[in-house]
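Colleague: pasting the structure only:
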């Protein structure tokens, strides 16, 4: 991007934030205009003198409010962290800054990432930029603020986090690219954890090539994150991904898998037709479409919720009113054998957490109790392994980190990618979201497409495709662990179908 | 971290794909060895403090109440111990913050210790090394692969809302310790106590209650310095049969922890804490009775007394037809009674869960072998060595030497022994050399140091000086009396340059050569003394008070300036009176 465009981009984003944020509610905190302008100026000076720091130099980014930033509060849209001003930048944010990017603001989300519509937080709901007036539609969640900010041209790209679909779903609803990398590639240091074995930092952007630029900037080992892959494993993955296919085999058609188990009855007609027409287009381009079986899918969602909520109940135990949380409660006398200090903890957690978070903590706590542990948590871990084995069984390349190799079907029978919906339908109206809130677990069926990749730690990307209504629709591409390289290639291909339509 | 990467090169761990294994290998020792030399000096013992109250001592010496509980009764007692010991490590278990003893509050806190959101744990591999030393000393199996779990409960001293521990897969299990006569048991009594497991875990913060003042209401302050420091928890099997055995076992565990340099501070400094489980069952019935846990005991005395009180309480309940409730109790050392903290229903469900953040811990066998081969001798070994020839110390003296000053007296003792036993011109005298050195090290020197409030660390008498002194004593160059005077001098003047032979010359302390009982000079002196006390001499002669001979012997020695040994003086006096 040329020097004067850097200034233009920053000014444009600031103007859009100024004009649209009151309605979209995408940002909960915006950097002072003066600072943004100064940083853009400095960047354009660098560009003029040929000392640009990176391709991202000077570009404005939005950061989900669960990623720590040292100059802005990090609330996770929770009252519990309303006053939390970290003294450090999360690793991904500091990498962006070191590349010259400008952090333009922090984005709204579901409280601690717990929700699918960015409505459960303390800062009010995010609204979908594509909402047809006067209706208001869901931006998806939990990274709804980041998705709406990208869709509303309020930033060049955004960081989000994806635990079970929290980037891919809002990306699909808002018509932007939503990319969840393989677990362990982007550092989680500075990401306030929801469920740490699933939490993945990811990227929202206007197009695949931008998402890829950001990914390349952030994809590095971080010793501060014990789950960040070390150099040795990274080399192994790289070797793996670039190995077989680049050996004079570049024009081999893709084998694209369609999981029959994902074809649930709840899929809306518009989504189904988008899925089918995209697959047809790919086939017309010479690629092979294959049906694959993923029998563990039907247990994946329930297992996901057991694991995610159990981890959440543990990770959120630190918010007890001593270091964090509103000090609203005053200790009274011990009642029912509960000490003063425990009453204080209970009162703080009652007022500091929203309804959805409290519900999830309770469920998570239950599955970890000694009587439920074996039946739920341990069982869910087993299913998680089965889900991973499902994937390893259908992909043409083996999982590079798996200790067992040779269990895949091999390049002849296996598939290179899966193409599936992200959600059962385009964005629902917030009115309908509110109606369904707390009514059974029907809403969870929406997670059936996104959760399996999270359980297996695989890279997945949501790409906008041609739908038949006013609202955007995305399809999801999932690849074998560490195969981001080819994931981007096929995502670019699908992206181009929309442009050519 | 270099050890990690070098270990990774060696071999790949079989771990879940998204984890990197945390490897511990011999190269980690380069860091931990350094940590040793440093930390051994840090625990500053106040020079004038008496031996701390909780030091392991022979059980026999305080066994007033021991054995009472299991005497007549039809009840069989079963006790198990859970011991928490602060590991001898310079940094915390999962953060870079230094461990501290007396640092200002909240000055040794890394962001992770303060549970700052978004900050993750990072295992400090060198903290594992002292833990392995402890486990090896307890004869445990070291598990190649272990993992970390979270134990949840809300408390102000637990900033994360959970403690990281090793519940499901501890790094060491199935060990044992042997209690025997060295621990105060009967001469042929030997019992084996199983160690169920040894696990790594985090210590808690400290909460400090502040009563209200004019300006501030009563409040609790939290000091995070201790939060996240490394502990080992040692869990015995429920196989102890009395409070006496429990106390002996606890002492033994402490002394093994100390000897293996796994944990330096004992209970007296808060470095070791203990929970006990007590149950009773009618003799002859299978299984164990319902167990009651007594938490947070901080001395051997408290452990012994609380178990005795608990046994009494349980027997009283059972004999009046009641049932024992599974419950947790606390011990009030002042009142000498326990009180119920919570019943089984009110029990906290800790919701143990594997920590998804931390990769499994892989301990290489080569490291374990290295630690085994370099483990310092354990208390029983040292005691047996000191009690056998050539040292032949009594159990009491051997134990004193081992228990005090982290074994520094043993080193001193052995240095003197080695020095003397290798001297060419050394003529072993009538005294047993090992015992002689023991006596002079522990009692003569030890007594003088205690009387003048000098700590052993500041001992003014070098091993070489003591060896010279005993050389002269044993060779008959100086009498015991004058050797003691010389020792007084050495203690007082605290100068390692003083040469004992010169000292003897300078102060004319050398033994005067005599011709034994026929020595004319001595006979002259004796005659003079006897003539000075005619009444006393008469009482000796008449056989009324034969012991008064000692009075004359003492005076004769005094008259020679202590330069003639007591035996000769005695013979002279005997001869005078028998004449």
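Modeller: Nice, I can see it. These numbers come from a predicted model, not from an experiment.
Colleague: quick one, helices of the stretch 201-350 of chain A?
Modeller: Using DSSP state H, counting those that start in this stretch, the helices of the stretch 201-350 of chain A run over residues A:208-218, A:231-246, A:269-284, A:297-315, A:340-352.
Colleague: now these in CSV, with mean pLDDT?
Modeller: Converted to CSV, the helices of the stretch 201-350 of chain A look like this (pLDDT from 0 to 100):
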stretch, mean pLDDT
helix A:208-218, 97
helix A:231-246, 74
helix A:269-284, 94
helix A:297-315, 94
helix A:340-352, 88
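Colleague: Where does the stretch 101-250 of chain B get nearest to chain A, residue-wise?
Modeller: Residue nearest to chain A within the stretch 101-250 of chain B: residue B:161 (2.5 Å; C-beta to the nearest C-beta). (Each C-beta comes from the backbone N, C-alpha and C, glycine too.)
Colleague: and the gap between that residue and residue A:65?
Modeller: Here the criterion is C-beta to C-beta, to the nearest Å. By it, residue B:161 lies 22 Å from residue A:65.
Colleague: Same drill for those two, tell me which one is more crowded.
Modeller: For residue B:161 and residue A:65, the more surrounded residue by other C-beta atoms under 10 Å in any protein chain shown is residue A:65, and the numbers stand at 30 against 21.
Colleague: Do I have it right that the more buried one meets residue A:110?
Modeller: No. Using C-beta atoms under 8 Å, residue A:65 makes no contact with residue A:110, being 10.4 Å away.
Colleague: Quick check: which of the helices of the stretch 201-350 of chain A is buried the most?
Modeller: Stretch with highest mean neighbour count among the helices of the stretch 201-350 of chain A: helix A:297-315 (a mean of 24; mean count of other C-beta atoms under 10 Å in any protein chain shown).
Colleague: Longest helix of the chain, counting residues only.
Modeller: Picked chain A for this. helix A:3-24 (DSSP state H).
Colleague: Wait, chain B was what I had in mind.
Modeller: helix B:300-319.
Colleague: if you average pLDDT over that one, what comes out?
Modeller: Helix B:300-319 shows a mean pLDDT of 94.
Colleague: the strands in the stretch 51-200 of chain A, which residues?
Modeller: Counting by DSSP state E, counting those that start in this stretch, the stretch 51-200 of chain A has strands at residues A:60-64, A:102-107, A:157-162, A:177-180, A:200-205.
Colleague: for the last one, packing partners?
Modeller: Counting by 3 or more C-beta pairs under 8 Å, 6 or more residues apart in numbering or on different chains; DSSP states H and E, the packing neighbours recorded for strand A:200-205 are helix A:144-151, strand A:157-162, strand A:177-180, helix A:208-218.
Colleague: For it, which outside residues touch it?
Modeller: A:67, A:92, A:143, A:146-147, A:149-150, A:156-163, A:167, A:170-171, A:176-181, A:183, A:186-188, A:191, A:211, A:214-215, A:218, A:454, A:457 (C-beta atoms under 8 Å, 6 or more residues apart in numbering or on different chains).
Colleague: same thing but 6 Å
Modeller: For strand A:200-205, contacts defined as C-beta atoms under 6 Å, 6 or more residues apart in numbering or on different chains pick out A:92, A:146-147, A:150, A:157-158, A:160-162, A:167, A:171, A:176-180, A:183, A:186, A:191, A:211, A:214-215.
Colleague: go on, the first one?
Modeller: Applying C-beta under 6 Å, 6+ apart, the external contacts of strand A:60-64 come out as A:10, A:13, A:93, A:96, A:101-107, A:109, A:143, A:146, A:149, A:155-161.
Colleague: Could you check the pLDDT of residue 455?
Modeller: This is for chain A. 97.
Colleague: Let me rephrase: I mean chain B.
Modeller: In this model, residue B:455 carries a pLDDT of 87.
Colleague: what does residue B:19 give?
Modeller: 35.
Colleague: next one: the one 4 residues further on
Modeller: Per-residue confidence (pLDDT) for residue B:23: 58.
Colleague: circling back to that earlier point, following the chain onward from the longest helix of chain B, which element is next?
Modeller: strand B:327-332 (DSSP states H and E).
Colleague: Sheet partners, orientation included, of that following strand?
Modeller: When pairing is defined by DSSP bridges, strand B:327-332 lines up against strand B:292-297 (parallel), strand B:337-343 (antiparallel).
Colleague: winner for burial among those strands?
Modeller: strand B:292-297 (a mean of 20).
Colleague: With mean pLDDT as extra columns, can I get the strands paired with strand B:327-332 in a markdown table?
Modeller: A markdown table is the format used below for the strands paired with strand B:327-332 (pLDDT from 0 to 100):
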| stretch | mean pLDDT |
| --- | --- |
| strand B:292-297 | 93 |
| strand B:337-343 | 84 |
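Colleague: who touches the longest helix of chain A?
Modeller: Residues from elsewhere that reach helix A:3-24 (C-beta under 6 Å, 6+ apart): A:27, A:30, A:33, A:36, A:40, A:43-44, A:47-48, A:58, A:60, A:104, A:127, A:148, A:152-155.
Colleague: How about stretch A:85-96?
Modeller: Outside stretch A:85-96, the residues touching it (C-beta under 6 Å, 6+ apart) are A:61, A:63, A:67-70, A:73-74, A:159, A:186-187, A:189-190, A:201, A:217-218, A:222.
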